[in-house]
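**Q** Structure of the sequence below:
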Amino acid sequence: MDVDFDLLSELTAVDGTPGQEDRVRAVVREHLPEDVDEVRTDAMGNLVATVEGATDPDFEVLVAAHMDEIGFLVRHVHDDGFVRVDALGGWDPRVLRAERATVHAAGGDLPGVIGSPPPHTDGNPYMRDEDEVRDVFIDLGLPAEAVEERVSVGDRVTLTQPLERVGDLLTGKAVDNRVSVYALLEVAARVDPDVTVHFAATTQEEVGLRGAEAIGADVDPDLALNLDTTVANDIPQFVYEEDHVTELGAGAAVKLKDGVVIPNPKVVDQLLAVADREGLAHQLEVLPAGGTDTGPLQRSHGATPAGALSTPTRYLHTPTEAAHVDDVAAVVDLASAFLADLDGDEDYAL
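**A** Next up is the predicted model:
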């Protein structure tokens, strides 16, 4: 396996909901290469590690990957000790029943389970016809007094699912987007660029691409490359082949479109040319709905040429997200080769 499983496991194991990515940020900082020239953070929690260009430091590239994962926020603690939550990010409520969860309280993490009425009670007149996130309640297995003392409105909640190797797949929670944070770190360690590169671990992507939008006020790049996951609907049920978007094991996905961005065509062509020249497995991504940080990076500091590489991922926004090890490695290889190819003479004007 051409992937550092221990590092990726560490990245997915730490919890970091939108606006509370501090644990992830600490891991990123710990694993940055020692030869970065500057590391800084901002009021949104974005982390930027800068490597000055060897021959053309004035040409600046921003390479970004968001740190946050979908999760929940405690909105109410019942008198009987059960905890109600509000969603942080896009959950399908059907996947939440009977999952393990962790409440990140001020006094320490508390393990719990999301309650699920047994099928014997399907005739209960108080049950909804369809699951809704607002119906989710967490059972901490503690007396009501203990819950009220330790849990507060505003505490964050994440699901609990460690990364596992399943055949050629890496599956667990927060694969979106810790595989891309992993790629960011691997590329930073591998590339000695001729141009200046800002490696950015961004925040609050899952609640509206907010960290990337804010980072544009501080970093004014000549080129932006975003790293994220994308849909792989290559599964046997209910999905037409044309709706697969990407396929696991077919390589890094070069984005042509998503719900908020159409990347610069010259950047797309350059990514594809590098992939062909280096013999790197790749595929094209047309994502009909949903957005990534590529959008705000393209326009938050005026018109910025932007491209994106995606890791195909099955079962996105569930605790069993799954990516192929070869695709993860392909994203690292292609991003590294692309950055190494830049000399500062590129012109992306259309």
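**Q** List the buried residues of stretch 164-174.
**A** Using 16 or more other Cβ atoms under 10 Å as the burial criterion, the residues of stretch 164-174 that qualify are 169, 170, 171, 172, 173, 174. Using the backbone N, CA and C atoms, a C-beta is placed for each residue, glycine as well.
**Q** That stretch: how far from the chain's middle?
**A** Using Cα atoms, centre = their mean, to the nearest Å, we find the averaged C-alpha position of stretch 164-174 to lie 15 Å away from the chain's own average C-alpha position.
**Q** Please list the outside residues in contact with it.
**A** Residues outside stretch 164-174 that contact it (Cβ atoms under 8 Å, 6 or more residues apart in numbering): 1, 3, 5, 8, 11-12, 15-16, 69, 158-163, 179, 248-249, 314-315, 319-326, 328.
**Q** quick one: what helix or strand has residue 28 in it?
**A** When secondary structure is defined using DSSP states H and E, the element that contains residue 28 is helix 22-31.
**Q** Quick one: mean pLDDT over stretch 177-195.
**A** In this model, stretch 177-195 has an average pLDDT of 97.
**Q** about what we covered before: helices or strands next to the helix holding residue 28 in the packing?
**A** Judged by 3 or more Cβ pairs under 8 Å, 6 or more residues apart in numbering; DSSP states H and E, helix 22-31 is in contact with helix 5-13, strand 47-51, helix 175-190, strand 195-202.
**Q** Give the buried residues for the first one.
**A** The reference is to helix 5-13. Neighbour counts over helix 5-13 (16+ other Cβ under 10 Å) mark 7, 8, 9, 10, 11, 12, 13 as buried.
**Q** wait, what's in contact with the second one?
**A** Contacts for residue 8 were tallied using Cβ under 8 Å, 6+ apart; they are 163, 170, 178, 179, 182, 328.
**Q** now, among those, which is nearest to residue 142?
**A** Nearest to residue 142 among those is residue 163, at 28.1 Å by Cβ to Cβ.
**Q** For residue 144, see how far away the closest residue to that closest one other than its chain neighbours is.
**A** Setting aside the residues directly before and after it, residue 163 is nearest to residue 172 in space (Cβ to Cβ, 6 or more residues apart in numbering), at 3.8 Å. In this structure, residue 172 lies at 32 Å from residue 144, with Cβ to Cβ, to the nearest Å as the measure.
**Q** again, but for residue 52
**A** With the distance defined as Cβ to Cβ, residue 52 ends up 57 Å from residue 144.
**Q** Which residue ranges make up each domain of this structure?
**A** The record, using automatic domain parsing to delimit domains, assigns the chain the ranges 5-69+173-341, 74-159.
**Q** What degree of burial does residue 67 show, as a neighbour count?
**A** The local packing count at residue 67 equals 31, with neighbours defined by other Cβ atoms under 10 Å.
**Q** Verify the stated contact: it with residue 16.
**A** Yes - in this structure, residue 67 sits in contact with residue 16. The criterion is Cβ atoms under 8 Å, and the distance is 5.6 Å.
**Q** list residues touching both of those two?
**A** Common neighbours of residue 67 and residue 16 (Cβ under 8 Å, 6+ apart) are 24, 25.
**Q** For the residue positioned nearest the centre of the chain, give me its contacts.
**A** The centre of the chain sits closest to residue 177, judged by Cα atoms, centre = their mean, with a distance of 1.9 Å. By Cβ under 8 Å, 6+ apart, residue 177 lies in contact with 65, 66, 67, 68, 69, 205, 227, 228, 229.
**Q** now, which of those residues lie within strands?
**A** Counting by DSSP state E, the contacts of residue 177 place 65, 66, 227, 228, 229 in strands.
**Q** can you redo the residues you listed as JSON lines with pLDDT, neighbour count and distance to residue 34?
**A** Converted to JSON lines, the ones in strands among the contacts of residue 177 look like this (pLDDT from 0 to 100; neighbours: other Cβ atoms under 10 Å; distance: Cβ to Cβ, whole Å):
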{"residue": "65", "pLDDT": "98", "neighbour count": "31", "distance to residue 34": "20"}
{"residue": "66", "pLDDT": "98", "neighbour count": "32", "distance to residue 34": "24"}
{"residue": "227", "pLDDT": "98", "neighbour count": "27", "distance to residue 34": "22"}
{"residue": "228", "pLDDT": "98", "neighbour count": "27", "distance to residue 34": "27"}
{"residue": "229", "pLDDT": "98", "neighbour count": "26", "distance to residue 34": "28"}
